[in-house]
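Engineer: Need the 3D shape of this:
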Amino acid sequence: MTRVDPEHFARLKTVLRDPSHNFHLVALPVAASERFEDVPRDQLRDPFDRFIVSTALAEGLPLVNADRAIRALDVAEVVW
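Structural biologist: Numbering: from 1, shown residues only. Down below sits the predicted model:
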């Protein structure tokens, strides 16, 4: 597990809270849990990654994600 340096984490929070960066943060909605089974477990075993994808599906948003396993799925739009 890679640890995040506290200074980098503070900078990340600043960026995420700044509306000029146009990030859309959401809590895990019920709709994401309903879309969880739409993400093939045999292709993406990590449950946290599956929630990331199912949240994107539920919200109708593309993902900005460099994870090869997520990018290999043909379930959600992935930018990057």
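Engineer: quick one: buried residues of the one helix or strand Arg71 maps to?
Structural biologist: Secondary structure assigned from DSSP states H and E places Arg71 in helix 68-72. Residues of helix 68-72 classed as buried: Ile70 (neighbour count, 16 or more other CB atoms under 10 Å). Where you see a C-beta, it was placed from the backbone N, CA and C, and this is true even at glycine.
Engineer: Please list the outside residues in contact with it.
Structural biologist: Gln43, Leu44, Asp46, Asp49, Ile52, Val53, Leu63, Asn65, Val78, Trp80 (CB atoms under 8 Å, 6 or more residues apart in numbering).
Engineer: Tell me the helix or strand right after that helix.
Structural biologist: strand 78-79.
Engineer: Mind listing the strands that next one pairs with, and their directions?
Structural biologist: strand 63-64 (parallel) (DSSP bridges).
Engineer: What's the mean pLDDT across stretch 67-80?
Structural biologist: Mean pLDDT, stretch 67-80: 88.
Engineer: Alpha carbons only: can I get that stretch in CSV?
Structural biologist: Output of stretch 67-80 as CSV, limited to C-alpha atoms (Å, rounded to 0.1, in the frame of the first residue of the first chain):
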residue,chain,number,x,y,z
ASP,A,67,-5.9,1.9,-13.8
ARG,A,68,-5.4,-0.7,-16.5
ALA,A,69,-8.0,-3.1,-15.2
ILE,A,70,-10.7,-0.3,-15.2
ARG,A,71,-9.6,1.0,-18.6
ALA,A,72,-9.9,-2.6,-20.0
LEU,A,73,-13.5,-2.8,-19.1
ASP,A,74,-16.1,-1.9,-21.7
VAL,A,75,-18.6,-0.8,-19.2
ALA,A,76,-18.0,2.9,-18.5
GLU,A,77,-16.3,5.7,-20.4
VAL,A,78,-12.8,6.2,-19.2
VAL,A,79,-10.9,9.4,-20.0
TRP,A,80,-7.1,9.1,-19.8
